[in-house]
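> mind folding the following:
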Amino acid sequence: MNNVGGHTRRAVGVFAFAALLLIAQGASAQDVTIELIVKDKKFQPSEVRAPANKAILFKVKNQDPKSMEFESKSMRVEKVIPANAEATIRVRALKPGKYEFFDDFNESNRGTLIVE
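Numbering: from 1, shown residues only. Presented below is the predicted three-dimensional model:
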């Protein structure tokens with residue numbers, strides 16, 4: 001009987017640890033949130049700023065009737081966002097500089113993140 005209780009306590013401990021990992025992977029109070037809208041095949045705004053050395057959450061709303069792909073080689077991210085949908089894209093903390101992003105399905109749609 002004690003052995004069963006030991007398994008239960010261990011299972012609860014594993015569950016609690018997994019929950020903490022999931023929370024840690026989500027947005028933290030230190031993340032910077034940048035909201036972008038894609039409308040008429042253009043990022044609005046097309047230039048955004050963020051502080052250096054802080055993780056960034058891009059919240060991208062695709063208001064166009066076709067899917068788009070938010071991509072940045074320098075930030076090492078890519079995410080397909082369906083028509084009339086939104087997505088959150090997490091970017092690691094970056095050093096100061098300029099980072100380009102674009103819609104891989106419409107490469108004329110480009111934007112710049114300036115990290116200061």
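> ok, the residue positioned nearest the centre of the chain - contacts?
Nearest residue to the geometric centre of the chain (Cα atoms, centre = their mean): residue 89, 1.7 Å. With contacts defined as Cβ atoms under 8 Å, 6 or more residues apart in numbering, residue 89 is in contact with 57-58, 60, 70, 77, 79. Yep, even glycine has a C-beta here, placed from its N, CA and C like the rest.
> where along the protein do the strands fall?
In the chain, the segments counted as strands under DSSP state E are 32-39, 42-44, 47-50, 56-62, 68-72, 77-81, 85-91, 97-103, 106-115.
> ok, now which ones touch the residue nearest to residue 102 when sequence neighbours are not counted?
Nearest residue to residue 102, sequence neighbours excluded (Cβ to Cβ, 6 or more residues apart in numbering): residue 110, at 4.5 Å. Counting by Cβ under 8 Å, 6+ apart, residue 110 touches 43, 46, 100-103.
> show me where the chain dips below the pLDDT cut-off.
For the chain, applying pLDDT under 70 flags the ranges 1-29.
> skipping adjacent residues, who's closest to the residue nearest to the centre of the chain in space?
That would be residue 58: by Cβ to Cβ, 6+ apart, it lies 4.4 Å from residue 89.
> surely the one you found meets residue 37?
No. At 11.4 Å, residue 58 does not count as touching residue 37 under the criterion of Cβ atoms under 8 Å.
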